[in-house]
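> build the 3D model from these lines:
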Amino acid sequence: MRGSRILAAAALVVGGALLAGCTGTPAPVHSTAATRTLRAADVAKKIADTELSTASIAQADGALSVNGAPVKVRIDVESVRSLADSTLLTWRLSTVSGAQEKVSTFQFAVAPHLDTRNVALVVDGGATTLRPYTFRYQNDPSQPTSCLCATIPSASDGTGLQLNALMPALPAGTKTVDVSFPGFDVMKGVPVTR
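Numbers count the residues shown, from 1 in each chain. Below you'll find the model as predicted:
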């Protein structure tokens, strides 16, 4: 568990460091969330102060399209943590077969990115949809946007890999959200921790 936490922290700290010199831009999909800028130090502190769960609070089985062939996988939501100015979604991607299989896909992203920017938290029956923060380098706005979300791994197995996405803050008082992954059944009523 500590290894997963360190890997998750490292990934988001790197993303946060990139964000430090950047200006936030809206996600390439529709969202009602306002764009904010976070400092790298704030992102690093959020991760360091967050205990990452390994217990599943919601689950969906489905298939990823990998090189044109379906690979059956399981998504386990481990936590939806509401922080003062953001929300941290922690989830696990594993293969249903238990064997190591390729899982690299654009299914959760917008090509050419192999990330998870199209994962969403849906609040109040769809009144609000939150997606991971995206950003563009301030000194090179011609580059594609980057994301404070996990990159899809090339392979996974039955244990799975823990992945994260940092999103805008949930509306005050939100107790549950629906978690949406493209191509999978929506996981409804997932509890939020504070």
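
> can you pull the contacts of the nearest residue to Q100 once chain neighbours are set aside?
Counting by CB to CB, 6 or more residues apart in numbering, Q100 lies nearest to D157, which is 4.2 Å off, once chain neighbours are set aside. Every residue, glycine included, has its C-beta placed from N, CA and C. D157 makes contact with 94-95, 98-101, according to CB atoms under 8 Å, 6 or more residues apart in numbering.

> again with L121
Neighbour list for L121: 80, 87, 89, 129-131, 167, 170, 177-180 [criterion: CB under 8 Å, 6+ apart].

> if I read this right, Q107 contacts F184, doesn't it?
No - contact criterion CB atoms under 8 Å: Q107 and F184 do not qualify, at 9.1 Å.

> so how far is V80 from A111?
Distance, A111 to V80, by CB to CB, to the nearest Å: 27 Å.

> in the longest strand along the chain, what counts as buried?
The residue-count maximum for a strand in the chain (DSSP state E) belongs to strand 69-82. Buried residues in strand 69-82, defined by neighbour count with 16 or more other CB atoms under 10 Å: 71, 73-82.

> related to what we said a few turns ago, ok, of the contacts of D157, which come out buried?
If we count by 16+ other CB under 10 Å, the contacts of D157 have these buried: 94-95, 101.

> which of those residues fall within helices?
Per DSSP state H, helices hold no members of the buried ones among the contacts of D157.

> thanks again, I'm all set now.
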